[in-house]
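[1] sharing a sequence plus its predicted fold:
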Amino acid sequence: MANPNNNKNFNDEALRINRTLKKDNDALKEEIESLWRDLSRCEKMIAKHVDSRIEIAKLKERLNEN
């Protein structure tokens, strides 16, 4: 980023903006990681539910055979 006006405070302002953007970016990154963890937990719960439904269907089949 060039300093178009030879402003003494330009670099300080640029650093302040960059720090703010980094904080925002880090917070968003953490939120995304948290959402991925939540999604992973949901996928595991769904897989368990599907497995349970399959087991129930197998038990019903066995009962109908007898």
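    Sure thing, it's come through.

[2] how far away is I54 from K60?
    I54 sits 11 Å away from K60, going by C-beta to C-beta, to the nearest Å. From N, CA and C alone the C-beta is placed, and that goes for glycine too.

[3] do the same with D12
    Distance from D12 to K60, by C-beta to C-beta: 72 Å.

[4] likewise D24?
    D24 is 54 Å from K60, by C-beta to C-beta.

[5] for D51, same thing?
    15 Å.

[6] then K8?
    Taking C-beta to C-beta, one finds K8 at 80 Å from K60.

[7] ok, now D38?
    33 Å.

[8] point out where this protein drops to low pLDDT.
    Applying pLDDT under 70 to the chain flags the ranges 1-6, 66.

[9] which residue ranges form the helices in it?
    Per DSSP state H, the chain carries helices over the ranges 10-65.

[10] counting neighbours, what do you get for F10?
    By other C-beta atoms under 10 Å, 14 other residues sit near F10.

[11] swap that for S52, sorry
    With other C-beta under 10 Å as criterion, S52 counts 10.

[12] then S34?
    So S34, with other C-beta under 10 Å, has 10 neighbours.

[13] the one 3 residues further on now?
    Each residue near R37 was counted by other C-beta under 10 Å, and the total is 10.

[14] okay, it and E30: tell me how far apart.
    From R37 to E30 the distance is 11 Å (C-beta to C-beta).

[15] just L59 next, same as before
    For L59 relative to E30 (C-beta to C-beta), the value is 44 Å.

[16] equivalent analysis for S52, please.
    33 Å.

[17] before we move on, what about I56?
    With C-beta to C-beta as the criterion, I56 and E30 are 39 Å apart.

[18] again with R16
    Distance from R16 to E30, by C-beta to C-beta: 22 Å.

[19] buried sites along stretch 26-42?
    Within stretch 26-42, no residue counts as buried by 16 or more other C-beta atoms under 10 Å.

[20] quick one: neighbours of A14, just the number.
    12.

[21] against S34, how distant is it?
    Counting by C-beta to C-beta - A14 and S34 are separated by 30 Å.
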